[in-house]
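> please find the sequence and the predicted model below.
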Amino acid sequence: MATKYDWPAAEDRSLIGKRHNRVDGPAKARGAAKYSYDRNLDGMLFAKLVTSTVPHGRIVGIDTSRAEKAPGYKGHVNILNVGDEVQWAGAEILAICADTEEHVRDAAAAVTVLYESMPHWVKDEDVEKAGTANRVQPAKDDTKGPDLEEAWKSADATVEGYYGLAVITHCCLEPHGQVVDWTGDDITVYASTQAVARIPGDLAKGLSRDENIGTVAPDSVHVITPYMGGGFGSKFNIDTWGIACAKLSKMTGKPVKLMLDRDEELMVAGGRPSDFGNIKIGAKKDGTLVAYESETWSTGGIAGRGSPPVPYVYNNEERLAQKARHLNVSTNIGPARAWRAPNHPQAAVLTMCPMEDLAAKLDMNPVDFFKKNADLTARPEVYRYEIDKCAEMIGWSDKWHKRGDSGSGPVKRGLGMSLHTWGGRPHDSTCEVRIQPDGGVSVNMASQDLGVGTYTTLSVIAAETLGLQIPDITVNIGSSKLPISGASGGSTTVGGTTASTRRATVNALDELKAVVAEALEADAADLVAKDGKVFSKTDSSKSLSWAEACRKLGNRTITGQGKQPDRNGGKLNDSGVGGVQMADVSVDVETGIVSINKIAAVQDVGLVICLEQCESQVYGSLIQGVAWALYEESIYDQTTGKMLNPDMEFYKLPGAGDIGELEVHMVQNKYDDRGVIGIGEPPAISPGAAISNAVANAIGVRVPTLPLTPDKVLAALADA
Amino acid sequence: MQNFEYIAPNSAIAAAQALSPKQGLTAVLAGGTDLLSLMKERVETPTRVVSLRNIAALRGVTKQGGGLRIGAMATVQDLLDSKAAAGYASLLQAARGITAPQVRAMGTVAGDLLQRPRCWYYRNGYGLLAMHDGKALVPSGENRYHAILGNKGPAYFVNASSLAPALISLGAQVTVAGPEGERSMALADLFQIPSSASERENTLEPNEIVTEITVPSASGWKTGTYEVRQRQLLDWPLVTASVALRMRGNRVSDARVVLGHVAPIPWRSSEAETALNGQAANESSGEAAGKAAVSAATPLSQNSAKVQLATIAVKRAVAMAG
């Protein structure tokens, strides 16, 4: 049933779905935007972690006596104690603070921690070796769909192959951390976080565990995060360093800054689980997939990690025979955290790569093969449309050739593709919209902008609803004192925050209309807010400019409330999207160097709010995808148990010259009726599989694991 | 970073006199692109840092005699901008391989030659020879970027210079100043494979500084550098090769082939030079030279791909020279 909260009809949208510059862009470009790392308060102290130098051991001594005599030393708090076990190198042992950044580094270096060393294991790919080290936990078989034996008998072609991808990190450009200012009973936290509203409770709970501190009320904690520099799933909690930072602030009576160093960031504050596996996949002569069988293994650190959702996208349980077995490898590396579309990028590699190998064996064009089997997906029509659109963007019909049939000369060119899906259901959100007598409008909620465009999308919603322009709206987010909104994870933010904002704005406008109706002697139901005016749609002489209309409020401020979910609040959002990506690469078969010519991405997200910010999410995903397809890998040394590349020198990321041409197409005007669906995750899933498939198409053989480094490319060619 | 005393004398001799004759106590600061990160990581902990910034005599890239003089404080960008260096194709190709504008602007040519190895064991504090509990870490460890030549131990790192192979192939000399005065030597002799933990990867005394690099005229030589690099963004070469070929008619009469990032020193390959001498400079002689260059290679557990990369780098460097 239609409600007043529904999104305006397509012909009535003046801002929604259009391209708008990022409203916080100028502040960021000027350096005026203050990130947590930029906070420097009067009298502030600097804190630093002391972390484990061994990958596994028991702490038998912590000697801080030299550190306490170091110049500028102000205090320290233990995170672990003598007798505790450390399970990875880089584990947080204590936090120490001093008057300057230089002094705290010296003081931290003067702390001595002694360990009783215990056996460690940091390698995941060689599952047999990990097994001999007692690091593999068996898992049960998961069987679905038609009888597997019968399915294999009916297959005319099968492919058995080995595929995988390494552990990578989040590598947030702003590392984890915060500034805490504990004054009297008030604790102000400038946290680099994806969850402004969650941090007060998280910190209060962590502090209350310390009997020297006693009970801390969440409402005494104020989190302030107007800007933050990347999280990708790794910044939901206050973490040990946040609690330690608060304790140091209480202890010293000064504000304290504790931001992780780059090496700490890469060792302990982020990690995406690996996946490796032997995959068997079979189809009939006409390309119909009949069976998929996998034995996979992976690590997410000491606790391991659950199984990837394979087969991926092509997983109809009535028609495709499926068997999956997953082994969990326990390693002494920093623990995994949710990484942009948890488990999906891995599942895409483990499914889309064997599928392209099978298409090659069947002598089929992958575009035909992926479309032929679209009925095995949850959205056949969406995928067929997106495959065709993406193929057009990359020039598939002109450029695609049979696998390995890529001409003479050392540089071979190839195309590859991958499909993905994601939910993106909106999180809970409450919003308060204020309309002031001077015409000012503000949108208020304890959400956060991770750099994704939340300031912009909320401005679009309020401006569209009130007939105003984007600069007329002030968006107040990034403070936990504002009405509660969800954590930004799992592509839930845009759906949740736009819905609560729409409802709050409509409710606020209703109040304004009542005031204006009285002033104009009009029927409030006839009033429309559009083009900077409030006017009667039945009598054009009854019209006020926005400023005049608001002046009628006298000295009263309107506050409109809105919530997500709201049963009576119209259908504003949904979940479940599809996307297709295709890559065009060149591979130098003499050196094994892979370079990206182009990546094309087609993505549906229901109703697009701001086209530019939506596309930006896809561009960022593709760049991040080039990184983990070609370069990124956490490299651990088994003898010492240390990560050898916790830096930006050998933890390689691409530069502008490495990413090729990126072309993004958002599907608009096709699924708008579904409402808003999240965009953060979906486009981050397919790049690795698409690039790997393009490399296989170019050189004629599969490079089994990502990143696709020159040594692996040359080894795959030599094995062929 | 450990606290240190900073001084910036205005002559090379004064700088050398301010340096300790003992290894590791003092450090020389030129562009700082390497030293500062080593000090921040406490891999280097000098108590005195001697900056060369006030020594005017160390600046400039100029013509000298028929050749080229590169002052120790000349930056990579100075080299690229210099008219005097225009005739040294292989050297400029190597310099263009240093892709970061920041490093080109701050990093010096001499600093490129003397930067410490990028070996991740060394950078993580396990020392130049990468030892842990008396055991060498590299042979059974993560050695994908390590040496394939000159790697009998105890050193397995690769020399990190981008420019040394080109300069050595061009017959460069280097002048160094110590507290007592100056001495000159072939640039190749600046480098050594350390045979123990007490030796470094270069032959400088701890209280010597490089003052200039001189390169004879390249007239009559065909030169080329080919660098195998994974990224366009600043990245270390996986392997690089520079060749200089003196031609008699259409035959090579004198070949110099120097590889980088394959050994603890810039690796001059007499095998590759023999393969080229007397031949036309073409794809087949280039390929033969590439294969000859790695004929004595002994790859470690993870770096056999570098053998192939070295072959291709030499072949393509010959093609660039031709």
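Perfect, thanks for sending it. Numbers count the residues shown, from 1 in each chain, chains lettered A, B, ... in the order given.

> for chain A, what are the nearby residues on chain B?
Residues of chain B lying close to chain A by CB under 8 Å from any CB of the partner chain are B:1-3, B:42, B:99, B:118, B:120-121, B:123-124, B:126, B:132, B:135, B:137, B:140-142, B:144-145, B:228-235, B:238, B:302-306, B:308-309, B:312. Where you see a C-beta, it was placed from the backbone N, CA and C, and this is true even at glycine.

> show the pLDDT at residue 276.
The chain I'm using is chain A. Residue A:276 is assigned 98 on the pLDDT scale.

> was after chain B, sorry
Reported pLDDT for residue B:276: 98.

> secondary structure element for the closest residue to it other than its chain neighbours?
Residue nearest to residue B:276 in three dimensions, not counting chain neighbours: residue B:255, with 3.8 Å by CB to CB, 6 or more residues apart in numbering or on different chains. Following DSSP states H and E, one finds residue B:255 within strand B:251-260.

> centre of the chain versus that strand, how much separation?
With CA atoms, centre = their mean, to the nearest Å as the basis, strand B:251-260 stands 17 Å off its chain's centre.

> tell me which other helices or strands the helix or strand following it touches.
For strand B:251-260, the succeeding helix or strand toward the C-terminus, using DSSP H and E, is strand B:267-268. Judged by 3 or more CB pairs under 8 Å, 6 or more residues apart in numbering or on different chains; DSSP states H and E, the packing partners of strand B:267-268 are strand B:251-260.

> and the strand it packs on, which residues are buried?
Residues B:252, B:255, B:256, B:257, B:258, B:259, B:260 are the ones in strand B:251-260 that count as buried (16 or more other CB atoms under 10 Å in any protein chain shown).

> which helices and strands does that strand pack with?
Here strand B:251-260 touches helix B:164-169, strand B:239-248, strand B:267-268, helix B:270-276, helix B:283-293, helix B:305-321, going by 3+ CB pairs under 8 Å, 6+ apart.

> residue A:474 belongs to a strand, doesn't it?
Yes - membership of residue A:474 in a strand is supported by DSSP: H, G, I helix; E, B strand; the rest coil.

> surely it and residue A:436 touch.
No - look at residue A:474 against residue A:436 with CB atoms under 8 Å: they stay out of range, at 9.8 Å.

> rewinding a little: any idea of the angle the strand holding residue B:255 forms with strand B:239-248?
160 degrees (axes from the mean of the first three to the mean of the last three CA atoms, to 10 degrees).

> now strand B:251-260 - C-alpha only, CSV.
What follows is strand B:251-260, C-alpha atoms only, in CSV (Å, rounded to 0.1, in the frame of the first residue of the first chain):
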residue,chain,number,x,y,z
ARG,B,251,79.8,-7.0,-34.3
VAL,B,252,80.2,-6.6,-30.6
SER,B,253,83.9,-6.1,-29.8
ASP,B,254,83.5,-5.4,-26.1
ALA,B,255,80.5,-6.3,-24.1
ARG,B,256,79.8,-5.4,-20.5
VAL,B,257,76.8,-7.1,-18.8
VAL,B,258,75.8,-6.3,-15.2
LEU,B,259,72.7,-7.6,-13.4
GLY,B,260,71.0,-6.1,-10.4
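
> for chain A, which helix is longest?
Longest helix of chain A, by residue count under DSSP state H: helix A:493-520.

> give me the next element, helix or strand, following that helix.
Following helix A:493-520 in sequence, per DSSP H and E, is strand A:527-530.

> please work out the average pLDDT along that following strand.
What strand A:527-530 shows for mean pLDDT is 98.

> which residues touch residue B:16?
Going by CB atoms under 8 Å, 6 or more residues apart in numbering or on different chains, residue B:16 touches B:177, B:178, B:179, B:207, B:208, B:209.

> distance check, the fifth one against chain A.
It refers to residue B:208. 28 Å (CB to the nearest CB, to the nearest Å).

> quick one: the most far-flung residue of chain B relative to its centre from residue B:280, how far?
Distance from the C-alpha centroid of chain B, by CA atoms, centre = their mean, peaks at residue B:249 (31.8 Å). Distance, residue B:249 to residue B:280, by CB to CB, to the nearest Å: 9 Å.
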